[in-house]
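Asker: fold the following, please.
(2 chains)
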Number of protein chains: 2
Amino acid sequence: MVDVLRASTSIVTALAHGARKVIPVETPKEAEEMAKALPAETVLLCGERESVRLPGFDLGNSPMEYKEDIVRDKELIFTSTNGSRTMLKAQTADDVFVGGFVNMSALIRRLTADDKDSLIACSGHNGGFCLEDGVCAGMIVDRLKKEMPQDAMEIGDEALAAWVLYEYYDNELQRMVEESFWGKQLIDNGMGDDLPICVSIDLYDVVPVLRGKALVHDKNW
Amino acid sequence: MVDVLRASTSIVTALAHGARKVIPVETPKEAEEMAKALPAETVLLCGERESVRLPGFDLGNSPMEYKEDIVRDKELIFTSTNGSRTMLKAQTADDVFVGGFVNMSALIRRLTADDKDSLIACSGHNGGFCLEDGVCAGMIVDRLKKEMPQDAMEIGDEALAAWVLYEYYDNELQRMVEESFWGKQLIDNGMGDDLPICVSIDLYDVVPVLRGKALVHDKNW
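Answerer: Numbering: from 1, shown residues only, chains lettered A, B, ... in the order given. This is a model prediction of the structure:
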């Protein structure tokens, strides 16, 4: 599951900074109800709609909010415009991982550790394509191409197009997010400082994996 | 509406070669029923599923079949895997045009003749993306960018990504279709000779336009 701006980035950051788990839910209401059932001292309500923190929530969806002293040993209930929905849709897969530029190498190591097929689910925008997730998917394709024997890969039109996008924007990821719909929306909402973080490659060596209903840091990887 | 392989290309070819109209329908059964209601001497049943001509139909979906001595003054009833469905979905637009590489300049002239918004509907593959339609859409974006004042265009993430694809494959359209899912399927089915035709730029100066239920050659353009 890829949601560069910003669910992937924030969830990776949270687990890298010691959060015990991140529980993706679809609606703010579900998040609030789940929070009531958990011990108040360990729960954080996290989420946004259209880039803005939900009213009454502890954290929004900026990776900068997920600092170690805030999230360590906490359980985070997380809802975002597109990312948490994509994760919930992906639940039927054998394994669901969260990937972004910030944990690219760790993700590739995890994906190449067994010979299962990979589906890269881009969160996108209102059910459609968005640029930064497409480019990130293309970087995953590029890395997999380099890691795997050529005849082990069959690449469909979407994956090929994503790879072309990555080829085009490689070394210019900052320009790319500034040109994207979500990037422009974040800049307009005063959160442009999140952009360079979200396109930083390998900030963290963490791959969030879905176990039951929660994303956790699988430390065997 | 863009369906490079091959509905766009065949429909443009048919009208360029004097067909009176092309009526897109969704299913082979509808096509057969409509044909019964029309004078047998002027009707041609045309269509394919998964690249192969439908049994009992006069023509498949290869542009090479749409020769002048076969289609002149005929009414063509046309059903294809993706293209005719896309056209039917687009019916609520003010104007529906059929575009491909083969009629690129004529299409751009038509699109820039008024100041209405344009939606480029790629037929794709089973409701998803396909490479050659994305690249063709990117060429349309590229041409519109060059024709129009910069501030007259607002380009979303999809259009920007399509433009990047076109930038990448420009001058290598033949390689592009050979790498695409549909292109490979056509080659496997012995119809690889259609590929260079489908990526030939400006073979025809015709823009099919939907009038009622039929695509016609609007000769005012």
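
Asker: could you pull out the buried residues of the helix or strand of chain A with the lowest mean pLDDT?
Answerer: Within chain A, judged by mean pLDDT, DSSP states H and E, the helix or strand with the poorest mean is helix A:83-89; its value is a mean of 81. The neighbour-count check on helix A:83-89 (16 or more other Cβ atoms under 10 Å in any protein chain shown) flags A:83-87 as buried. The C-beta positions use only the backbone N, C-alpha and C, and glycine is treated the same way.

Asker: next one: stretch A:107-119
Answerer: Neighbour count says stretch A:107-119 has A:107-108, A:110-111, A:118 buried, by 16+ other Cβ under 10 Å.

Asker: likewise for stretch A:36-44?
Answerer: Here stretch A:36-44 shows A:43-44 as buried, counting by 16+ other Cβ under 10 Å.

Asker: give the buried residues for the top strand by length along chain A.
Answerer: Longest strand in chain A by number of residues (criterion: DSSP state E): strand A:43-49. Residues of strand A:43-49 classed as buried by neighbour count (16+ other Cβ under 10 Å): A:43-48.

Asker: ok, those residues vs chain B, which is closest?
Answerer: Nearest to chain B, judged by Cβ to the nearest Cβ, of the buried residues of strand A:43-49 is A:Glu48 at 19.2 Å.

Asker: dump the residue contacts of that closest one.
Answerer: By Cβ atoms under 8 Å, 6 or more residues apart in numbering or on different chains, the residues touching A:Glu48 are A:54, A:60-61, A:80-81.

Asker: show me where chain A has its strands.
Answerer: A:21-24, A:43-49, A:52-53, A:75-79, A:208-211, A:214-217.

Asker: what sits up against the fifth one?
Answerer: For strand A:208-211, the external contacting residues (Cβ under 8 Å, 6+ apart) are A:11-12, A:15, A:22, A:87, A:90-91, A:95-98, A:110, A:215-218, A:221.

Asker: only whichever of those are buried, select them in ChimeraX.
Answerer: In ChimeraX, this line selects whichever of the contacts of strand A:208-211 come out buried by 16+ other Cβ under 10 Å:
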select /A:11,12,15,22,87,90,96,97,98,110,215,216,217,218
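
Asker: just to revisit the earlier point, rebuild the strands of chain A as CSV, extending it with mean pLDDT.
Answerer: Formatted as CSV, the strands of chain A follow (pLDDT from 0 to 100):
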stretch, mean pLDDT
strand A:21-24, 96
strand A:43-49, 95
strand A:52-53, 91
strand A:75-79, 96
strand A:208-211, 95
strand A:214-217, 96
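
Asker: rewinding a little: list just the nearest of the buried residues of strand A:43-49 to B:Ile140.
Answerer: A:Glu48 (34.7 Å; Cβ to Cβ).

Asker: send me the biggest helix by length in chain A as CSV with only the CA atoms.
Answerer: Using DSSP state H to define each element, chain A has its longest helix at helix A:131-147. Output in CSV follows, covering the C-alpha atoms of helix A:131-147 (Å, rounded to 0.1, in the frame of the first residue of the first chain):
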residue,chain,number,x,y,z
LEU,A,131,1.2,11.4,-9.4
GLU,A,132,3.4,10.9,-6.3
ASP,A,133,2.0,7.4,-5.6
GLY,A,134,2.5,6.5,-9.3
VAL,A,135,6.1,7.6,-9.2
CYS,A,136,6.7,5.8,-5.9
ALA,A,137,5.2,2.6,-7.4
GLY,A,138,7.5,3.1,-10.4
MET,A,139,10.5,3.3,-8.0
ILE,A,140,9.4,0.0,-6.4
VAL,A,141,9.2,-1.5,-10.0
ASP,A,142,12.7,-0.1,-10.8
ARG,A,143,14.2,-1.6,-7.6
LEU,A,144,12.5,-5.0,-8.1
LYS,A,145,13.8,-5.1,-11.7
LYS,A,146,17.3,-4.5,-10.4
GLU,A,147,17.0,-7.1,-7.6
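
Asker: helices and strands around it, which ones?
Answerer: helix A:104-111, helix A:157-169, helix A:173-179, helix A:181-188, helix B:157-169 (3 or more Cβ pairs under 8 Å, 6 or more residues apart in numbering or on different chains; DSSP states H and E).

Asker: low-scoring stretches of chain A, by residue?
Answerer: A:221 (pLDDT under 70).

Asker: what residues does it have near chain B?
Answerer: Neighbours of chain B within chain A, by Cβ under 8 Å from any Cβ of the partner chain: A:125, A:128-131, A:134, A:156-158, A:160-161, A:164-165, A:167-169, A:179-181.

Asker: angle of the longest strand of chain A against strand A:75-79?
Answerer: 20 degrees (axes from the mean of the first three to the mean of the last three Cα atoms, to 10 degrees).

Asker: having no further points to raise, I will conclude here.
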